[in-house]
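Novice: Predicted coordinates and the sequence they were generated for:
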Amino acid sequence: MNNHQEALDVHASAELLIDHKTVQHAYDELAKSITRDLEDKNPLVMAVMNGGLVPMGQLLPRMHFSLRIDYLHATRYRDKTTGHDLQWKQYPQRSLENEHVLVIDDIFDEGHTLAAIVAYCEGCSPASIRTAVLAEKDVDRSVTLKPDYVGLQLPNKYVYGCGLDYKGYWRNLPAIYAVKEN
Ligand code: IMP
Ligand code: MG
């Protein structure tokens, strides 16, 4: 079956985990906390492509203070069961030196992606580095990093929508769905 047909089939039987209204409320609360900490800091706000694109687009208009944006593209080799290698497709364009950096991603799962991104950023001598995710999964982790801002708590299921994909599809959906487990 091709990915498109599979994505259609998966969605037809999926479970709605977090509805649109709840997601919007989570963005409101995230933006409030971020504003409290960063409104006077002239931050550099960075999306982790591709999943961080939607949370970034939702959070930016809720942050009514001066900031600049950038993006980076880093993705895990998810076909390996044990490897934690991060594949960098795009490093940030702007210098992070002396910047108050906020990194925005879709989800904190095992945490290796965000931990590696933070390690990279720390090597660029920022003034500070913070991380925000729309959602965090309830899993045991080996990484010590905790995101500074978390919008929603999710069970350990494969989810999609709000930036998260199922085989490249459904990042555009305004709610969060869980793939039905057989
Ligand atoms: P981590 O390194 O395990 O924390 O993986 C985080 C990255 O994996 C996220 O940025 C997502 O791109 C992706 N990911 C993790 N869990 C899911 C999921 O349930 N659905 C879609 N993508 C996911
Ligand atoms: Mg990702």
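Specialist: Yep, it's here. Ligands and ions are numbered 1, 2, ... in the order given.
Novice: The nearest residue to Leu44 once chain neighbours are set aside: what's it in contact with?
Specialist: Ranked by CB to CB, 6 or more residues apart in numbering and with sequence neighbours excluded, the top spatial neighbour of Leu44 is Glu99, at 4.3 Å. C-betas here are computed from N, CA, C, even on glycine. For Glu99, the contacting residues are Pro43, Leu44, Pro126, Ala127, by CB atoms under 8 Å, 6 or more residues apart in numbering.
Novice: Please apply the same query to Gln58.
Specialist: Each residue near Gln58 by CB under 8 Å, 6+ apart is listed here: Tyr27.
Novice: Ok, His73 next?
Specialist: Val48, Met49, Asn50, Trp88, Lys89, Gln90 are the contacts of His73 under CB under 8 Å, 6+ apart.
Novice: Just flag the most distant two among these.
Specialist: Asn50 and Trp88 (13.9 Å; CB to CB).
Novice: Of the two, which one has the most company?
Specialist: Taking other CB atoms under 10 Å, Asn50 and Trp88 do not tie; Asn50 has more neighbours (17 against 12).
Novice: Which elements pack onto the least confident helix or strand in the chain by mean pLDDT?
Specialist: Counting by mean pLDDT, DSSP states H and E, the chain has its least confident helix or strand at strand 86-90, which shows a mean of 92. In terms of contacts (3 or more CB pairs under 8 Å, 6 or more residues apart in numbering; DSSP states H and E), strand 86-90 is packed against strand 68-76, helix 112-122.
Novice: Now tabulate these in TSV and tack on distance to ligand 1 and mean pLDDT.
Specialist: Below are these laid out as TSV (distance: least, CB to the nearest ligand atom, whole Å; pLDDT from 0 to 100):
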stretch	distance to ligand 1	mean pLDDT
strand 68-76	5	94
helix 112-122	3	96
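Novice: and the ones you listed, which is most packed in?
Specialist: Using mean count of other CB atoms under 10 Å, the stretch among the helices and strands packed on strand 86-90 with the largest mean neighbour count is helix 112-122, at a mean of 19.
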